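>>> Need the 3D shape of this:
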Amino acid sequence: MFFKNMEYWVLAQMGLELVLIVFIVYFLIKVRSVSRMMAASSPGDQSAGEEMTKLSAGLADLEEQRGALEDLLGELTKKTSYLQKQLTLLEANAQRHSVAAPSGNSGAPLRAQVERLYRQGFPPEEIARRLQMNLAEVKVALDLLRVQAE
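Sure thing, here's the model as predicted:
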């Protein structure tokens with residue numbers, strides 16, 4: 001045996017216990033600082049979780065709105081195609097009616113018709129209605145008649 005007296009054994013035991021106490025104090029201080037860091041980061045983690053749920057709810061709303069917009073776009077596409085068909089039909093009808101209208105009517109025969117109806121005693125509004133002309137055009141034709149008469 002290295003130590004012959006019991007006093008040395010007691011001193012060695014006390015030294016080891018002091019080292020053990022120092023280690024325990026050191027680890028307790030470390031545990032306390034780690035628990036403080038966790039407590040400080042804990043609300044951040046909760047707010048991050050809440051933020052994540054808000055973002056996922058916002059994403060779900062955006063997906064729903066995107067679906068509604070796609071439906072609306074489909075309806076608008078149908079309506080535009082329908083309106084395009086109507087436009088082509090109207091253009092075809094307009095071309096048929098413009099071809100069917102007598103093209104021999106120039107300004108002079110219309111003016112002659114206006115003069116004839118005016119001499120028969122029709123007011124300018126009635127002349128415009130019968131000849132399907134603008135009232136201003138009828139008045140211009142009648143003014144030309146008056147100027148020529150003078």
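>>> how close does residue 25 get to residue 31?
Residue 25 is 11 Å from residue 31, where distance means CB to CB, to the nearest Å. (Each C-beta comes from the backbone N, C-alpha and C, glycine too.)
>>> so for the longest helix along the chain, what's the average pLDDT?
Scanning the chain for the longest helix, with DSSP state H as the assignment, gives helix 6-100. Mean pLDDT, computed over helix 6-100, is 88.
>>> Output the contacting helices and strands for the very next helix or strand once past that helix.
Where DSSP states H and E defines the elements, the next helix or strand beyond helix 6-100 is helix 107-119. Secondary-structure packing of helix 107-119 (3 or more CB pairs under 8 Å, 6 or more residues apart in numbering; DSSP states H and E): helix 124-131, helix 135-149.
>>> Contacts for helix 107-119 next, please.
Residues outside helix 107-119 that contact it (CB atoms under 8 Å, 6 or more residues apart in numbering) are 124, 126-127, 130-131, 133, 138, 141-142, 144-145.
>>> how does the protein divide up, domain by domain?
1-37, 45-93, 107-150 (automatic domain parsing).
>>> With mean neighbour count as extra columns, can I get these in TSV?
Compiled in TSV, those are given as follows (neighbours: other CB atoms under 10 Å):
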stretch	mean neighbour count
domain 1-37	10
domain 45-93	10
domain 107-150	13
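>>> Between the two ends of stretch 123-137, what distance do you get?
Criterion CA to CA, to the nearest Å; first-to-last residue distance in stretch 123-137 is 13 Å.
>>> Against residue 48, how distant is residue 36?
Per CB to CB, residue 36 is found 19 Å from residue 48.
>>> circling back to that earlier point, please state the offset of the longest helix of the chain from the chain centre?
24 Å (CA atoms, centre = their mean, to the nearest Å).
>>> any chance of the contacts of helix 107-119 in CSV, with pLDDT and distance to residue 53 too?
Listed next are the contacts of helix 107-119 as CSV, based on pLDDT from 0 to 100; distance: CB to CB, whole Å:
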residue, pLDDT, distance to residue 53
124, 92, 77
126, 92, 77
127, 92, 78
130, 90, 76
131, 90, 75
133, 90, 72
138, 92, 75
141, 90, 79
142, 91, 81
144, 88, 82
145, 87, 85
